[in-house]
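> Provided below are the primary sequence and the corresponding predicted coordinates.
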Amino acid sequence: MIELVDVHKAFGANTVLTGVNLTLRKGRSMVIIGGSGTGKSVLLKCVLGLVQPDKGAISVDGSDVTNLRQGTPERDAFLARFGMLFQGSALFDSLPVWQNVAFRLLRGSLKKPRAEAREIAADKLRRVGLSPDVADLFPAELSGGMQKRVGLARAIATEPEIIFFDEPTTGLDPIMAGVINDLIRGIASEMGSTAMTITHDMSSVRAIADEVAMLHDGMIQWTGPAGEMDSSGDPCVAQFIAGSAEGPIKTVR
Amino acid sequence: MNALAIIGRAVLAMLAAIGRVTLFAIDTVSHLGRPPYYPREFAQALVQIGYFSLPVVGLTTIFTGGALALQIYAGGARFSAEAVVPQIVAIGMVRELGPVLVGLMIAARVTSSIAAEIATMKVTEQIDALITLSTNPAKYLTLPRVLAATVVMPFLVGVGDIIGIMGGYLVGVERLGFNAGTYLRNTIDFLEPLDVVSSLAKAAVFGFLAALMGCYFGMRSGRGAQGVGRATKGAVVAASVLILAANFVLTELFFSA
C-alpha cells in the first residue's frame, strides 16, 4: 500500500503540490489525471525519491520512505520493488535494447549471469510484443511505439511489486496507444502488481484504471473507482472528461 | 552602493560555485572506496578518452614541436645560440606545451562529449531512470570517466611529449641542418627526471579536471537543447581555464626554487 499524507512541493516561487493526500491499495491500478503542468510527474517522482517533498510523509507498506538517503541499503531495497516507465521511455542510448531491458540483471544486487539475463530480456521483449531481432538494435533505431514497449519491458524485467507509468501513451497514435494500454493492463494484472499511472489521455484511464484520482491546484480534488468517474459530481473531473474549456480548470496556464 | 552589490553578488556566486564543484569532486572520489564498481564502464571510458584521443594528441604536438624548433632557431640566431634548439624544444614540450596542449585538446574533445552526453541523459530522464534502476549515477557515470581520464592522461601526455620532440627533431634535422645523432643525444642528456615527472603529474591533474568538469556541468544541465548547449559550453570553458590555472600552480610547485 502506498500512502501520501499532506505532501507539499515547490520549486522556488512555483508551488506545485499543496497538500496531496492519496492512498493506493496493494494490487490495484490507480490513474492520476490532471492537466499538463499540474505536478503529476512531480508526484510520482516524490514517491520514488527523485524529488524531495518539502513537507508531508510518504509511506510504502507502512514504512516511511520520505527521507531515504541515496546509496543506503534501505533505499536500494525500496527501489528494487519498483519499476518505472518514463514518459520519453528514457532508454539508455549507449546500450543495445536487451541490455536496457536487463539493466538491473547485469549489475548490482540483482546481478545474474549474462546469458541468463539475456534470456530474461528476450522473454520480456516477447511479452511486450517485440521479436528477438530487436534485442541487438540500439534505442535510436526504434520507432516511438517500440521504444515504449522496450521501456515497458525494462520496467517489468525484475517483476516488481509496484510499477509507475508516466504518460504511457503520449506521442503514440491511437492504435499503438490502445496496444500499450492493453499491455499495461494485462501485465499489471498477471503479475499482481500495484500500478500508478499518470496521464491526460482518457482512453488510457478507461483501459487501465481501477481507481481514478484528479489532481488540480496542487491537491487531489476527487478520487474514486473508475466506474464512478462519469457521475463524480466533481466539476474538475467533469470538465476533464468532457474536454471542455468551461470550468474550474483554466485553459491558459 | 549598487556597484558594491554587483561585486558582492558575483563574489558570492563564485564562492558558491567553487563550493559545489569541491563537494562534487569529493563525492566522486569518495566512491572509489565504496562498491559497487562498474569495470565495464571504466574500460569503455579508457578506450574513449585514451585510445581515440591519440590522433588528436599526435597532430597537435607534432606541429607544435616543429613550430617550436623553427622559432627557437630564429630567436637563437639573434645571439648566435642556434645550437640550443634540441634542449629548448625538449624542455618546452615536456614541461609546458605537452601537458597544456594535450590538456586543452582533451577539454575540447573529451570534456565536451562527456558534458553533452550526460546533459542529454539528464534532459531525457535517463539519469532518473538510472536511479530507479538502483544505480547511482555518480558511481556509474562520473567515477569511471573521471578515473579513466586521470589514469590515461599521463600516457597521452607521454606520447605527446615524445611526438612533440620528434616534430622538433624532424624540422631540426630535415630543415635546419642539425646532425640527427647529436640532436637526439642533446635532447636525452638535457632532460632531467623532474621534467618528465612534472609533465606526467600535470597530465593526471588535467585529466581529472577535464572529466570532472564534463560530468559536473552535464549533471547540472538545464532543460532542452539550450540546456545541453549551455552545459557543454560551460564545461569546456571551465575545464580549459582550470587546466591553465592548475598548470601555473603546479609549475610553481615543481620549479620555483
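That came through fine.

> Name the residues of the helix or strand hosting A:Ala238 that are buried.
Assigning secondary structure by DSSP states H and E places A:Ala238 in helix A:235-242. Taking 16 or more other Cβ atoms under 10 Å in any protein chain shown as the basis for neighbour counts, the residues of helix A:235-242 that come out buried are A:Cys236, A:Val237, A:Ala238, A:Gln239, A:Phe240, A:Ile241. (Glycine included, C-beta is placed from N, CA and C.)

> quick one, strands of chain A?
Taking DSSP state E as the criterion, chain A carries its strands at A:2-11, A:14-24, A:29-33, A:55-60, A:63-64, A:82-85, A:162-166, A:194-199, A:211-216, A:219-225.

> okay, these in TSV with distance to chain B, mean neighbour count and mean pLDDT next?
Below are those laid out as TSV (distance: least, Cβ to the nearest Cβ, whole Å; neighbours: other Cβ atoms under 10 Å in any protein chain shown; pLDDT from 0 to 100):
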stretch	distance to chain B	mean neighbour count	mean pLDDT
strand A:2-11	12	18	91
strand A:14-24	14	18	90
strand A:29-33	18	25	92
strand A:55-60	14	17	90
strand A:63-64	17	10	84
strand A:82-85	5	26	91
strand A:162-166	8	24	92
strand A:194-199	13	25	92
strand A:211-216	20	24	91
strand A:219-225	23	18	90
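
> Dump those strands to JSON lines, plus distance to B:Lys122.
What follows is the strands of chain A, written out as JSON lines (distance: least, Cβ to Cβ, whole Å):
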{"stretch": "strand A:2-11", "distance to B:Lys122": "16"}
{"stretch": "strand A:14-24", "distance to B:Lys122": "19"}
{"stretch": "strand A:29-33", "distance to B:Lys122": "24"}
{"stretch": "strand A:55-60", "distance to B:Lys122": "24"}
{"stretch": "strand A:63-64", "distance to B:Lys122": "28"}
{"stretch": "strand A:82-85", "distance to B:Lys122": "16"}
{"stretch": "strand A:162-166", "distance to B:Lys122": "16"}
{"stretch": "strand A:194-199", "distance to B:Lys122": "21"}
{"stretch": "strand A:211-216", "distance to B:Lys122": "25"}
{"stretch": "strand A:219-225", "distance to B:Lys122": "29"}
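
> before we move on, back to that, now the helix holding A:Ala238 and strand A:211-216, what's the angle there?
If you take axes from the mean of the first three to the mean of the last three Cα atoms, to 10 degrees, helix A:235-242 sits at 110 degrees to strand A:211-216.

> Just the angle for helix A:235-242 relative to strand A:29-33, thanks.
Regarding helix A:235-242 and strand A:29-33, their directions subtend 90 degrees when assessed with the same axes, to 10 degrees.

> in the host helix or strand of B:Val56, what counts as buried?
In the assignment (DSSP H and E), B:Val56 maps to helix B:54-77. Under the neighbour-count criterion of 16+ other Cβ under 10 Å, helix B:54-77 has B:56-58, B:60-62, B:64-66, B:68-69, B:72-73 buried.

> cool, and stretch A:141-151?
Judged by neighbour count (16+ other Cβ under 10 Å), stretch A:141-151 contains these buried residues: A:Leu142, A:Gly145, A:Met146, A:Gln147, A:Lys148, A:Arg149, A:Val150, A:Gly151.

> Flag the least confident of those.
Taking the buried residues of stretch A:141-151 together, the minimum pLDDT is found at A:Gly145 (85).

> in terms of contact, does that one touch A:Met176 like I think?
Yes. A:Gly145 lies in contact with A:Met176 (Cβ atoms under 8 Å); the separation is 4.1 Å.

> near chain A, which residues of the stretch 51-200 of chain B show up?
Counting by Cβ under 8 Å from any Cβ of the partner chain, the stretch 51-200 of chain B comes close to chain A at B:117, B:121, B:124-126, B:128-136.

> These in helices, which ones?
The subset of these located in helices under the criterion DSSP state H comprises B:Glu117, B:Met121, B:Gln126, B:Asp128, B:Ala129, B:Leu130, B:Ile131, B:Thr132.

> show me the contacts for the residue of chain A found nearest chain B.
For chain A, the nearest residue to chain B under the criterion Cβ to the nearest Cβ is A:Ala90, separated by 4.0 Å. Neighbouring residues of A:Ala90 by Cβ atoms under 8 Å, 6 or more residues apart in numbering or on different chains: A:Gly151, B:Thr124, B:Glu125, B:Gln126, B:Asp128, B:Ala129.

> Please report phi then psi for it.
Torsion angles at A:Ala90 (phi, psi; degrees, to the nearest 10) stand at phi 50, psi 40.

> and if you look at A:Asp54?
Backbone torsions for A:Asp54, taken as degrees, to the nearest 10, come to phi -80, psi -30.

> Setting aside sequence neighbours, what's the nearest residue to it?
Nearest in space to A:Asp54, with sequence neighbours left out and distances taken as Cβ to Cβ, 6 or more residues apart in numbering or on different chains, is A:His8 at 4.8 Å.

> Just give me the closest of the contacts of A:Ala90 to B:Leu4.
For B:Leu4, the closest of those turns out to be B:Asp128, at 41.5 Å, with distances computed as Cβ to Cβ.

> Just give me the neighbour total for that closest one.
Using other Cβ atoms under 10 Å in any protein chain shown, the number of residues around B:Asp128 comes to 21.

> Return the residues in contact with the closest residue to it other than its chain neighbours.
By the measure of Cβ to Cβ, 6+ apart, the closest residue to B:Asp128 outside its immediate chain neighbours is A:Leu50, 5.2 Å from it. Under the criterion of Cβ under 8 Å, 6+ apart, the contact partners of A:Leu50 comprise B:Asp128, B:Ile131, B:Thr132.

> Could you check how far A:Leu50 is from B:Gly158?
Using Cβ to Cβ, to the nearest Å, we find A:Leu50 at a distance of 43 Å from B:Gly158.

> now swap in B:Ala16 and tell me
Applying Cβ to Cβ, the value for B:Ala16 to B:Gly158 is 37 Å.

> Compare neighbour counts for these two and give me the winner.
Legend: neighbour count by other Cβ under 10 Å for B:Ala16 and B:Gly158, higher for B:Gly158 (19 against 10).

> Would you agree B:Leu70 is in contact with B:Val171?
Yes. The pair B:Leu70 and B:Val171 passes the contact test of Cβ under 8 Å, sitting 6.0 Å apart.

> Work out which residue lies at the spatial centre of chain A.
Closest to where the C-alpha atoms of chain A average out (Cα atoms, centre = their mean) is A:Phe165, at 2.0 Å.

> List the contacts of it.
Contacts of A:Phe165 by Cβ under 8 Å, 6+ apart are A:Met84, A:Leu85, A:Ala155, A:Ile184, A:Ala195, A:Met196, A:Thr197, A:Ile198, A:Thr199, A:Ile208.

> residues from the stretch 1-150 of chain A in reach of chain B?
For the stretch 1-150 of chain A, the residues in contact with chain B (Cβ under 8 Å from any Cβ) are A:45, A:48-50, A:70-71, A:76, A:79-80, A:82-84, A:86-88, A:90-94, A:103-104, A:107-110.
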